[in-house]
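Participant: Got a sequence here, can you model it:
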Amino acid sequence: MSKVPLEPLRGFRDILPPESEALRRLAEIFARIARSYGYGEVKPPTLERFQLFAVKSGEEIRRSMYVFRDKAGREVALRPEATASIARIYLRLLRGQPKPVRLYYVVNCFRYEEPQRARYREFWQAGVELLGEPSILGDFEVIKLLLKFYESIDMLDHIVLKIGNTRLYRRLFAKHGISEEIQDHILHLMDKGMYKEALEALMGAEHPGLASILEELWSNARDDIDAAKNILSKSGEEIIESLEELKKLVDMLKGYNSRLNLEIDLAFARGLAYYTGTIFEVKVPGFPVSIAGGGRYDNLIELYGGEKVPGTGFAIGLDRTLAAMESSGLRPRIIYQEPVRIAVIVLDESLAPYAAKVQDILASKDNVSAALYTGSKLQKMLPRLAKQGYHYAAIVGKQEAREGKLVLRDLAKREQRVLTLEELRELNLTELEFR
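Facilitator: Residues are numbered from 1 along each chain as shown. Next up, the predicted model:
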């Protein structure tokens, strides 16, 4: 018999506690916040037609997709991101819903990229999509929700929100007659920080005047909207409107939360080619990759054959957020709080039904993990359970079962008390010193 390799494929991971539990808590916190702001959960399929993502995902993502033919010969792909799937679901099932439509998701995604720190081939994302809100209030709403998430996990003071505007470039490029394909390529180069190559691409497309304007913009007004207005003053009212829209959004965000560390970057672009307006991402100083990002995509629904429905949203990299947290030495209690671990020990198998009732009472309490064990040699079991990380043992013998009681033992202090089931129900475990 051939030996099966036990290592996961390169770029994939077996995620165990405490990391798996921390990821779950991040997802739960995000979902709770999204629901509280009026968003409903959607669960898109993991496998989609390749065509869905090929339409407007961007150069890098198209190259890094897991694409293959299924048994029916269809060209399919593991989802590299979720927004395209949400757009498809909207067109199929939600077109008749009152606008705006608010949706959230927590999904795993797949990209065949070179594995490196905080970059995996399977990764977890949580995000929202706001469909049908054309104004800047939509961008403000989703960014506000994003900030609320990072505030709730005690990271707001440790992040930088970088913000820019793709509409500025789309309008500039369109005014100079640059094709959409070349526009997408230049924005891709900008996303990679390859500004010299982006200018060369403009020169190659016979637009030296625009290349000169952008070089001045990136050199002298990258973080200054008013200076950018002066440089682009002769480019037309629509271009200036894009800058004024960005300034208005920046002012709204600063007015909302004065603690926000906000970075304006007019040379900023994002890898997904469907963005048409505001774009943003969340960075942690010293961490090599962004941990969240999003933006406005007003043409995506139309690209898939629907009516024009403006959209905006974001995706949080849950793996990256957790890695950035650990890299920064942050261990917020809301994420890393360990459950109170209690071993329910039944001394005789015939007492299992009663012990199961004890386990149910304990397991119903907040932040408690109760596991059932059988055994009669407590002198050996209790030290072993303490080494395994258990804080308490709930011991059930024949006398306890007969009297409707149990023995609750502190494994660290080696102290114990006898409780009735009713007393156990009323017991507030968080008030006891387990550790």
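
Participant: how near is the residue nearest to the spatial centre of the chain to residue 42?
Facilitator: Centroid check for the chain by Cα atoms, centre = their mean gives residue 316 as the closest residue, at 2.5 Å. Applying Cβ to Cβ, to the nearest Å, the value for residue 316 to residue 42 is 16 Å. The C-beta positions use only the backbone N, C-alpha and C, and glycine is treated the same way.

Participant: circling back: can you name the residues that contact the residue lying closest to the residue nearest to the centre of the chain once chain neighbours are set aside?
Facilitator: Among residues not flanking residue 316 along the chain, residue 292 sits closest, at 4.3 Å (Cβ to Cβ, 6 or more residues apart in numbering). By Cβ atoms under 8 Å, 6 or more residues apart in numbering, the contact list for residue 292 reads 146, 150, 281-282, 314-317, 320-321.

Participant: Most neighbours among those residues, which one?
Facilitator: residue 321 (28 neighbours; other Cβ atoms under 10 Å).

Participant: How much space separates that one from residue 339?
Facilitator: The separation that residue 321 has from residue 339, given Cβ to Cβ, amounts to 21 Å.

Participant: cool, residue 317 as well?
Facilitator: Relative to residue 339, and taking Cβ to Cβ, residue 317 is found at 26 Å.

Participant: Bridged to residue 311, which residues?
Facilitator: residue 131 (DSSP bridges).

Participant: was I right about it contacting residue 134?
Facilitator: No. Residue 311 is not in contact with residue 134 according to Cβ atoms under 8 Å; the separation is 9.5 Å.

Participant: and residue 296, how many neighbours does it have?
Facilitator: 27.

Participant: May I have the secondary structure class of residue 96?
Facilitator: coil (DSSP: H, G, I helix; E, B strand; the rest coil).

Participant: and it, what are its phi and psi?
Facilitator: Main-chain torsions, residue 96, degrees, to the nearest 10: phi -90, psi 0.

Participant: which residues does residue 111 contact?
Facilitator: 61, 64-66, 80, 121, 123.

Participant: Where neighbours are concerned, which of those has the most?
Facilitator: Busiest of these [other Cβ under 10 Å] is residue 80, holding 23 neighbours.

Participant: doesn't residue 67 make contact with it?
Facilitator: No. Contact criterion Cβ under 8 Å: residue 80 and residue 67 do not qualify, at 9.8 Å.

Participant: circling back: what residues are bridge-paired with the residue nearest to residue 316?
Facilitator: residue 282, residue 316.

Participant: Look up how far residue 379 lies from it.
Facilitator: From residue 292 to residue 379 the distance is 52 Å (Cβ to Cβ).

Participant: Next secondary structure after the top helix by length along the chain?
Facilitator: When the chain is parsed with DSSP state H, its longest helix is helix 237-256. Going down the chain from helix 237-256, the next helix or strand is strand 262-264, by DSSP states H and E.

Participant: which residues are in contact with that next one?
Facilitator: 160-164, 223-225, 246, 250, 253-254, 283.

Participant: same question, stretch 407-416
Facilitator: 382, 385-386, 390-397, 400, 417-419, 424, 432-435.

Participant: Need the phi and psi values for residue 342.
Facilitator: phi -130, psi 130.

Participant: Which pLDDT value belongs to the nearest residue to residue 224 once chain neighbours are set aside?
Facilitator: Nearest residue to residue 224, sequence neighbours excluded (Cβ to Cβ, 6+ apart): residue 264, at 7.6 Å. On pLDDT, residue 264 comes in at 96.

Participant: what's the neighbour count on residue 264?
Facilitator: Neighbours of residue 264 using other Cβ under 10 Å come to 19.

Participant: Beta-bridge partners for it, please?
Facilitator: residue 163.

Participant: on that earlier part again, among the contacts of residue 111, name the ones in strands.
Facilitator: residue 123 (DSSP state E).

Participant: and of the contacts of residue 111, the nearest to residue 238?
Facilitator: residue 61 (28.6 Å; Cβ to Cβ).

Participant: Which pLDDT value belongs to residue 377?
Facilitator: pLDDT, residue 377: 88.

Participant: Show me what secondary structure element comes after the lowest-mean-pLDDT helix or strand in the chain.
Facilitator: Between all helices and strands in the chain, the lowest mean by mean pLDDT, DSSP states H and E belongs to helix 59-64, at a mean of 72. Next in sequence after helix 59-64, counting helices and strands by DSSP H and E, comes strand 67-69.

Participant: what pairs with that following strand, and is each one parallel or antiparallel?
Facilitator: Using DSSP bridges, strand 67-69 pairs in its sheet with strand 75-78 (antiparallel).

Participant: Which positions in the partner strand come out as buried?
Facilitator: If you call a residue buried by 16 or more other Cβ atoms under 10 Å, then strand 75-78 has these buried ones: 76-78.

Participant: Over to stretch 200-208?
Facilitator: So for stretch 200-208, counting by 16+ other Cβ under 10 Å, buried means 201-202, 205, 207.

Participant: Now find how far off-centre it is within its chain.
Facilitator: The chain centroid and the centroid of stretch 200-208 are separated by 37 Å under Cα atoms, centre = their mean, to the nearest Å.
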